[in-house]
Structures are given as structure tokens and as C-alpha cells.
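Chemist: Structure, please.
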Amino acid sequence: MDDSSATVNELKCIVQEFCEARDWDQFHNPKDLAIGIATEASELLEIFRFKNDDESTQLMKDPKKRQMICEELSDTLYFILRFAQMNDIDLYTELKKKVEINDEKYPVEKTKGSNKKYNEYQSEGIQ
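Modeler: Here you go, the predicted structure:
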């Protein structure tokens, strides 16, 4: 199984089974899971610290660095899935809603090819 066939629910179940086998539900409140997300995302970011764009891209080509990146990315996903599973959040539904909100904030005709935040392009009078 890979990304093309796995469901989000299957991923949540993998994490749930792992944690329940270890009796970790007691430690997985919203605050601590949010801390876990931030901590693991920071560990991913740390790998790229002080690297320019080319060096960052090259990290993905180095098998050892790529493995480190994959592990930190997986750790981040683990905490996201666990947060959603423990708090009955449907990630598909919530992502779809957020993309719809962002579609309104960042209409293609105004933002295509731009990295400006919505309040930056709006303040320039490009409305």
C-alpha cells in the first residue's frame, strides 16, 4: 500500500493502534498533541537551517539526509493524525473547507505566480 491507495482513516488507525497498545491515550490531550506537531515540524525545519535554496534541494538527493527528512515529516504527520483521531476531526472535510476559504482569499486571477499574502496584494489596491 502507498499514498495512491491508503486512506486518511487507515493512517489514523495505524497511529491509533500504535498508541493504544502502549496506553498513551492518557498523554494525548489537545495541548500536548499540538506541542508534538510544533516540535516535530521544528525538527524538520532544523535540517534546512542555514541552507540556501540550492543546498535545500540537494538535501533531498542525499540518501541519509532524505531519510532524516522523511522521518521528521512522518513524525509531524503522526501527530497531526493522532490529534485528528483523538479529537474526532475529519481531515478531508476540514482541508476541503480550508481550501475553499483560501480560494476566496487568493483568487487565481489576482494571485497567480505571486507569493504575496492576501493582505499584501489587497493593500496595494489590486482588488
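
Chemist: Poorly predicted segments of this protein, please.
Modeler: 122-127 (pLDDT under 70).

Chemist: From the recorded domain assignment, give the ranges for it.
Modeler: As assigned by automatic domain parsing, the chain contains the domains 8-89, 91-127.

Chemist: Work out the gap between the shortest one and the centre of the chain.
Modeler: So that's domain 91-127. Remark: domain 91-127 is offset 18 Å from the chain centroid, using C-alpha atoms, centre = their mean, to the nearest Å.

Chemist: cool, and stretch 87-102?
Modeler: With C-alpha atoms, centre = their mean, you get 13 Å for stretch 87-102.

Chemist: quick one, what contacts the nearest residue to residue 33 once chain neighbours are set aside?
Modeler: With sequence-adjacent residues excluded and distances taken as C-beta to C-beta, 6 or more residues apart in numbering, residue 33 is closest to residue 83, at 4.1 Å. (Each C-beta comes from the backbone N, C-alpha and C, glycine too.) Residues near residue 83 by C-beta atoms under 8 Å, 6 or more residues apart in numbering: 30, 33, 34, 36, 37, 89.

Chemist: Return the subset of those residues lying in helices.
Modeler: Judged by DSSP state H, the subset of those located in helices is 30, 33, 34, 36, 37.

Chemist: Spatially, which residue comes closest to the first one, not counting chain neighbours?
Modeler: Once its chain neighbours are removed from consideration, residue 30 has its nearest residue in residue 87; the separation is 6.2 Å (C-beta to C-beta, 6+ apart).

Chemist: where's that neighbour relative to residue 121, distance?
Modeler: To residue 121, residue 87 is 34 Å away according to C-beta to C-beta, to the nearest Å.
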